[in-house]
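Novice: coordinates for the following, if possible.
(chains A and B)
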2 protein chains.
Amino acid sequence: MNFNNLDTISAYKKLLSLAPEGKNFDFRRVLDGKRVESCKTMMAGGLQYSWAAKPVNDGVLELFQALADETELIAKYNMILNGETMNPGENRKVLHHLLRGQSGNPVMHDGKDLGKFYAGELARFSAFADKVHRGELKGSTGKQFTTVVQIGIGGSDLGPRAMYLALENWAEKEGCKKLGAIFISNVDPDDGAAVISEVNLPETLFILVSKSGTTQETLANELFVKAKLQKAGLDASRHIAAVTSETSPLANNPQYLDSFYIDDFIGGRYSSTSAVGGVVLSLAFGKETFAAFLKGAHEADMLALESDVRKNAALLDALIGVWERNVLLYPSTAVLPYSQALSRFPAHLQQLDMESNGKRVNRRGEAVAYATGPVVFGEPGTNGQHSFYQLLHQGTDIIPLQFIGFTESQRDDDVEVDGSSSETKLKANLIAQIAAFAKGQDDANKNKEFPGGRPSSLIFGKKLTPEALGSLLAHFENKVMFQGLIWNLNSFDQEGVQLGKILTKKVLSGTSGDSALEAYGKLLEI
Amino acid sequence: MNFNNLDTISAYKKLLSLAPEGKNFDFRRVLDGKRVESCKTMMAGGLQYSWAAKPVNDGVLELFQALADETELIAKYNMILNGETMNPGENRKVLHHLLRGQSGNPVMHDGKDLGKFYAGELARFSAFADKVHRGELKGSTGKQFTTVVQIGIGGSDLGPRAMYLALENWAEKEGCKKLGAIFISNVDPDDGAAVISEVNLPETLFILVSKSGTTQETLANELFVKAKLQKAGLDASRHIAAVTSETSPLANNPQYLDSFYIDDFIGGRYSSTSAVGGVVLSLAFGKETFAAFLKGAHEADMLALESDVRKNAALLDALIGVWERNVLLYPSTAVLPYSQALSRFPAHLQQLDMESNGKRVNRRGEAVAYATGPVVFGEPGTNGQHSFYQLLHQGTDIIPLQFIGFTESQRDDDVEVDGSSSETKLKANLIAQIAAFAKGQDDANKNKEFPGGRPSSLIFGKKLTPEALGSLLAHFENKVMFQGLIWNLNSFDQEGVQLGKILTKKVLSGTSGDSALEAYGKLLEI
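Specialist: Presented below is the predicted three-dimensional model:
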């Protein structure tokens, strides 16, 4: 297996020579009904991926295929599935796929079958959720739990929170919503205090999530919550369960109702399908809902093994992103779900993408000479239309777009105004935007002119169900993985967060020995 | 007054020639305690602006001053304050400053004194809020209102929502929280349905906000809400008040409890200090809180008249942004408030900035040959540290940063862990990040190396109070205004949203005559 930098790959050099053609790709002429019907491929969970409005023609697609083949992307993905380590000098496997099902060989580590380990934890927290739902496990004053509060930050917060919001309306409609969920993440004490003031403590179950068991923000919030429980006369050990690794100080600790485990091979931003997301989602919506979510993700993982770039949405999406970032030189990209349920999905993708591929050295620790991960941002449509779309349409930079949309709403509670339902208006807006961005419009008044040529792709499906959500999540996880492999990065570490942690400790202990830190400390009265 | 493009300004040309110096500005050497103490200036509401960690030295500051003087920025700002129209062939004044107080001459329009008009509306909705709080105005079944739901989108949603969240904890602590507020914005029917399922309708007052009275999403949500009120046996006309313009179909309409007015001179994204923000904020927190918020904003508006760039935070912030965008060529910028209360403030700034200055033609409708508004994104710290900061520290692009922090929390409900409170940890993290971004750190292992040289500014104050929030909001409004003037743009229109509206109507009526739109319609089953 060769792990070479992107700028040594011959298919990439050929793509670079196509840059002018890519930049001048005439959207107005090319984007017609035939192209929309032909430029799409199936995804898992009933979704489809459309690249009709991307600056990609057959010649570019052929070079994408050559690039994927030359860099052995599918073989590298298989290495990951089989639990082989990817980075020199590192013993770390990358196993979030294994959480959703066995896709490769059994993965053994220190004599332990990790597929069985993850499945065992899934079974344990499913049973735990069942016991809470059946009222067999109650709070310390005998009241049934009605609310679950997740305490975690970063990957222990954004993914699970985005997934919870994505399914809350669906579960209400399906009648499977069991507990309401709230999240505490920030070390800002106002975050925890606001949540505590909202909940009824005797009926609240807290899930404390920290893989290492040493996350500063999460431990501070744990003690904050414990103080509140004690003040309310409640036995904290009967109101808190932990999600952590087996070697952490939170493991097997009598201070908690129970503990559920992940390990070092599940990265925080890839942990929504582990106990990190699974405990809170199973408590909120039932184990069957979480199982359906895993099923959608597993199906997506299997489809991502396809070597034909035209039939592998995650791979194609990754290649288009590299084309736009490195050849067309667009430095950022926006995620625009036309679904209020996906209100925090862009924030999750922002973490997933920017933390995985915001790197300047390759797998061997050598600086790379090309751009890597872009800035990712987004808000739901139609809200964004009334906000930052002005710049997307008429700004001086081009921002590639990722639209997401569904045929049906989740709650099926709608109103007809001026001959159309709100759901139909939502979809009409989505379609209109794709066309407006791509085709633009001439006008003698240049202030009313739309240059067009603003590329977008569309992921669409019938309804945002647990299966569809699992598929959507795994699509982006796999897209980011493929891009990291193309850029020859280690997408699964985050050394960039370390320096801040070290300096924070120095500030707190007053030992920084740095006059700037001390002066800032004076400004903020530390 | 000359309105010339930026690339004709001699001070700008001199700044361009300094580009290499700016890019090689040695943060590690320069950022010391002395610089931190000297590179700051007062803002309104007790805040301060620090540019110590920006790539700006005395030579650059002198050219900033020359640029501000040459482009007559303060004189142009005075034109705006005096109600003079800024754009050729347009009769539109820009009057959001006048909402907070008289800063220039009386502004007359069609024989009406607009300062008095805005003050009169402020008095009317303050009295309206009082009546609700005293229980003199109740729902149609005689129940006192406990919840206010704002129905609006874009500027009628993001700003008021961000301000509400910013003050909710403060008001809880101060004992002046009167009603809880919720917001419906998206035309996605799941948005409205979820809100309706949460509230107790007999105790709910809806505020319908649309300046034109024709906003598609808002009118659809109005009818959705009305149907729910009727189904619950309530008299809708006694549960809805309107905020609109006097010429809109919503004005003086017996279908509403009352109507409060703005006019065409208050842009949506600049309307948080008008009735658009004022009605909901006065209902939620009392008229005194809203008055304090206006006071902070007015004070900021007055400070922005200062011609010395070192003493005018909004002007200096604007100039630094242009330096970073046009000379140092950084295409995006992140807003990072270390305050959970400001969780949606970055989304508001995203709209404010990108919709105002995401333009490619100047005031005369001529294409400009330089970059204008950047991409703006952000999330609160410390959350962002566990998410996208990896890319900010070690990615291949440099993203300028805007930090915001406070000495005290809003709720003053905290916990001591490992010798420090959560609030102190929050501040220590903020300080550590500024230093880490600026100074970086060498390491033989390049994966653990931090290049540094990542610029940031800091806005800080004692506590996020209504005055401080007003100051913060007006700071960014004025910054964006100054940048628009420097780029010679019309920052107060948004023609870029029109094409999507037109195409949406064509899709809904089935008259697009465009095979791509029809094919997308088939995919989404319209």
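
Novice: so where do the helices sit in the stretch 1-150 of chain A?
Specialist: Secondary structure of the stretch 1-150 of chain A by DSSP state H, counting those that start in this stretch: the helices cover A:10-17, A:19-23, A:27-30, A:33-38, A:58-70, A:73-81, A:114-133.

Novice: distance to chain B and mean pLDDT added to those, as a markdown table?
Specialist: Bear in mind the C-beta positions are built from the backbone N, C-alpha and C, glycine included. Below are the helices of the stretch 1-150 of chain A laid out as a markdown table (distance: least, CB to the nearest CB, whole Å; pLDDT from 0 to 100):
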| stretch | distance to chain B | mean pLDDT |
| --- | --- | --- |
| helix A:10-17 | 16 | 97 |
| helix A:19-23 | 16 | 78 |
| helix A:27-30 | 9 | 85 |
| helix A:33-38 | 3 | 97 |
| helix A:58-70 | 18 | 97 |
| helix A:73-81 | 19 | 97 |
| helix A:114-133 | 21 | 98 |
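
Novice: minimum distance to B:K311: which of these has it?
Specialist: Judged by CB to CB, the one of those that comes nearest to B:K311 is helix A:19-23, at 44.4 Å.

Novice: just the buried residues of that closest one, please?
Specialist: The neighbour-count check on helix A:19-23 (16 or more other CB atoms under 10 Å in any protein chain shown) flags A:G22 as buried.

Novice: and A:V276, what helix or strand is that in?
Specialist: helix A:275-285 (DSSP states H and E).

Novice: same question for A:L257.
Specialist: Using DSSP H and E, no helix or strand contains A:L257.

Novice: list the contacts for it?
Specialist: Going by CB atoms under 8 Å, 6 or more residues apart in numbering or on different chains, A:L257 touches A:L137, A:L205, A:S237, A:R238, A:H239, A:I240, A:A241.

Novice: so what's the residue count around the residue of the stretch 101-250 of chain A found nearest chain B?
Specialist: Residue of the stretch 101-250 of chain A nearest chain B, by CB to the nearest CB: A:G154 (2.6 Å). A:G154 has 27 neighbouring residues, counting by other CB atoms under 10 Å in any protein chain shown.

Novice: helix, strand, or coil at A:G405?
Specialist: strand (DSSP: H, G, I helix; E, B strand; the rest coil).

Novice: I figured it hits B:L524, correct?
Specialist: Yes - proximity of A:G405 to B:L524 meets the contact threshold set by CB atoms under 8 Å, at 6.1 Å.

Novice: now do the shared contacts for the two.
Specialist: In contact with both A:G405 and B:L524: A:K427, A:L430, A:F460, using CB under 8 Å, 6+ apart.

Novice: burial check on the second one, number of neighbours?
Specialist: What it means is A:L430. The burial count for A:L430: 28, using other CB under 10 Å.

Novice: please identify the helix or strand for it.
Specialist: Assigned by DSSP H and E, A:L430 falls in helix A:422-439.

Novice: with the last one instead?
Specialist: Per DSSP H and E, A:F460 falls inside strand A:456-461.

Novice: and that strand with chain B, contact?
Specialist: Yes - judged by CB under 8 Å from any CB of the partner chain, strand A:456-461 comes into contact with chain B at A:L458, A:F460.

Novice: so what secondary structure elements neighbour the helix or strand of chain A with the lowest mean pLDDT?
Specialist: Every helix and strand of chain A was ranked by mean pLDDT, DSSP states H and E. The lowest is helix A:19-23, at a mean of 78. The contact analysis (3 or more CB pairs under 8 Å, 6 or more residues apart in numbering or on different chains; DSSP states H and E) places helix A:19-23 against no helix or strand.

Novice: and the contacts of it?
Specialist: If you take CB under 8 Å, 6+ apart as the criterion, helix A:19-23 is touched by A:P55, A:G59, A:V60, A:W323, A:V327, A:L328.

Novice: tell me if A:N253 really is in a strand.
Specialist: No - counting by three-state DSSP, A:N253 is not part of a strand but coil.

Novice: go ahead and confirm it touches A:E246.
Specialist: No - A:N253 lies out of contact with A:E246 (CB under 8 Å); the separation is 11.6 Å.

Novice: okay, these two: which has more neighbours?
Specialist: A:N253 (15 against 12).

Novice: distance of that one from A:T244?
Specialist: Per CB to CB, to the nearest Å, A:N253 is found 9 Å from A:T244.

Novice: now do the buried residues in stretch A:98-113.
Specialist: So, applying 16+ other CB under 10 Å, buried residues of stretch A:98-113: A:L98, A:L99, A:R100, A:G101, A:Q102, A:S103, A:G104, A:V107.

Novice: now do the contacts for A:T372.
Specialist: Shown in contact with A:T372 (CB under 8 Å, 6+ apart): A:R325, A:N357, A:G358, A:K359, A:R360, A:W487, A:L489, B:G395, B:T396.

Novice: spit out the contact partners of the third one.
Specialist: The neighbours of A:G358, taking CB under 8 Å, 6+ apart as the test, are A:T372, A:G373, A:G496, B:F388, B:Q390, B:L391, B:L392, B:H393, B:Q394, B:G395.

Novice: and for the second one?
Specialist: Taking CB under 8 Å, 6+ apart as the definition of contact, the neighbours of A:N357 are A:T372, A:G373, A:V480, A:Q483, A:G484, A:W487, A:L489, A:S491, B:L391.

Novice: residues of the stretch 101-250 of chain A that sit close to chain B?
Specialist: Close to chain B, as judged by CB under 8 Å from any CB, the stretch 101-250 of chain A has residues A:153-155, A:157-158, A:168-169, A:172, A:185-194, A:197, A:216-217, A:219-221, A:223-224, A:227.

Novice: so which of those are in strands?
Specialist: Assigned to strands by DSSP state E, none of these qualify.

Novice: any idea how far the residue nearest to A:D188 when sequence neighbours are not counted is from B:E467?
Specialist: Spatial nearest neighbour of A:D188, excluding adjacent residues (CB to CB, 6 or more residues apart in numbering or on different chains): B:Q340 at 4.2 Å. According to CB to CB, B:Q340 and B:E467 sit 20 Å apart.

Novice: looking at the two, which is more packed in?
Specialist: Neighbours around B:Q340 and B:E467, counted as other CB under 10 Å, are more numerous at B:Q340. The numbers are 27 against 24.

Novice: burial check on the closest residue to A:L99 other than its chain neighbours, number of neighbours?
Specialist: In this structure, A:L99 finds its nearest non-sequential neighbour in A:T273, 4.6 Å apart by CB to CB, 6+ apart. Around A:T273 sit 30 other residues, with neighbours defined as other CB under 10 Å.

Novice: and A:T273, what pLDDT?
Specialist: For A:T273, the pLDDT comes out at 98.

Novice: assign a three-state SS to it, would you?
Specialist: Look at A:T273: counting by three-state DSSP, its state is coil.

Novice: residues in contact with it?
Specialist: By CB under 8 Å, 6+ apart, the contact list for A:T273 reads A:H96, A:L99, A:R100, A:F293, A:L294, A:A297, A:G470, A:L473, A:A474.

Novice: return the closest of those residues with respect to chain B.
Specialist: A:L473 (15.9 Å).

Novice: and that closest one, what helix or strand is that in?
Specialist: Using DSSP H and E, A:L473 sits within helix A:466-487.
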